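> Have a look at this fold, sequence not included:
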């Protein structure tokens, strides 16, 4: 059995049953630090039109830990009012420096003009984790809103696996809760474990470096929630900032280049303090 940071979903989609052997090969064996793909910009609620800078880093953001090299992404796009815009030409390779090391990452600039919700989606290249002898591919979504006008934040974007928010993802209130539904090939996934990560160290957008971690990792390994019979999970948001949720192994693909693949669904949301 190959170990995996965190816990792999042990669920089955309503549409397609995952092979038991594939899941057994991906079950977590240790409470190691969690890999999380970032799709980050510091300001997600926008009042004016303009170009929004983004950083795409494969990292351990809660503890400002190890940074992993990203290969060229397979897809990068936004969805606005149901229309998909390819952003792959906007990708620029960078080197991102964390507290422990530096690694290949990407930046981009996204045009935001009209009021409404902008759903950003990244399909990174599979990452080979040598210590575990598996590939990891985290299909990641984050959100922008301009003008406070809701226009589709609760809609799926057609990724192989994704988490669809059931609360507006750009203005959650610290002390409230966030719910999402996990989909694989468009169908809910019951009984899946969802890893939860706080972005304790946020990227410096100018220097391409990590800031200092503002909280310590939780004892006892990964923070998890579990989807119900309808694929829905809920997590209480204790602190303002960026929160990530990852369903490990929820995607339909479980092999890449002859090795095991953990195809994960990741979503980032933003919580605020009431003032």
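Looks like it came in fine. Here the structure is a predicted model, which is why all the values come from computation and not from measurement.
> Same question for stretch 163-180: list its buried residues.
Buried residues in stretch 163-180, counted by 16 or more other Cβ atoms under 10 Å: 163, 164, 165, 166, 167, 168, 169, 170, 172, 178, 180. Quick note: C-beta positions are derived from backbone N, CA and C, even for glycine.
> Apologies, that question was intended for stretch 226-237.
So stretch 226-237, judged by 16+ other Cβ under 10 Å, has buried residues 227, 231, 232, 233, 235, 237.
> how close does the fifth one get to residue 132?
When distances are taken as Cβ to Cβ, to the nearest Å, residue 235 and residue 132 turn out to be 26 Å apart.
> cool, the last one as well?
Residue 237 sits 30 Å away from residue 132, going by Cβ to Cβ.
> pLDDT of the strand or helix carrying residue 164, averaged?
Per DSSP states H and E: residue 164 is located in strand 161-165. Here strand 161-165 scores 98 as its mean pLDDT.
> Just give me how far it sits from the chain centre.
10 Å (Cα atoms, centre = their mean, to the nearest Å).
> What ranges does the stretch 101-250 of the chain have for its helices?
Here the stretch 101-250 of the chain has no helices by DSSP state H, counting those that start in this stretch.
> Name the spans of it whose pLDDT lies under the cut-off.
For the stretch 101-250 of the chain, no stretch is flagged by pLDDT under 70.
> so what's the spatially closest residue to residue 174 that is not a sequence neighbour up against?
Spatial nearest neighbour of residue 174, excluding adjacent residues (Cβ to Cβ, 6 or more residues apart in numbering): residue 240 at 4.4 Å. Residues near residue 240 by Cβ atoms under 8 Å, 6 or more residues apart in numbering: 174, 271, 272, 273.
> any idea which of those residues has the most stuff around it?
Most neighbours among those, by other Cβ atoms under 10 Å: residue 271, with 22 neighbours.
> Would you mark the buried spots in whichever strand or helix holds that residue?
For residue 271, the host element (DSSP H and E) is strand 259-272. Residues 260, 261, 262, 263, 264, 265, 266, 267, 268, 269, 270, 271 are the ones in strand 259-272 that count as buried (16+ other Cβ under 10 Å).
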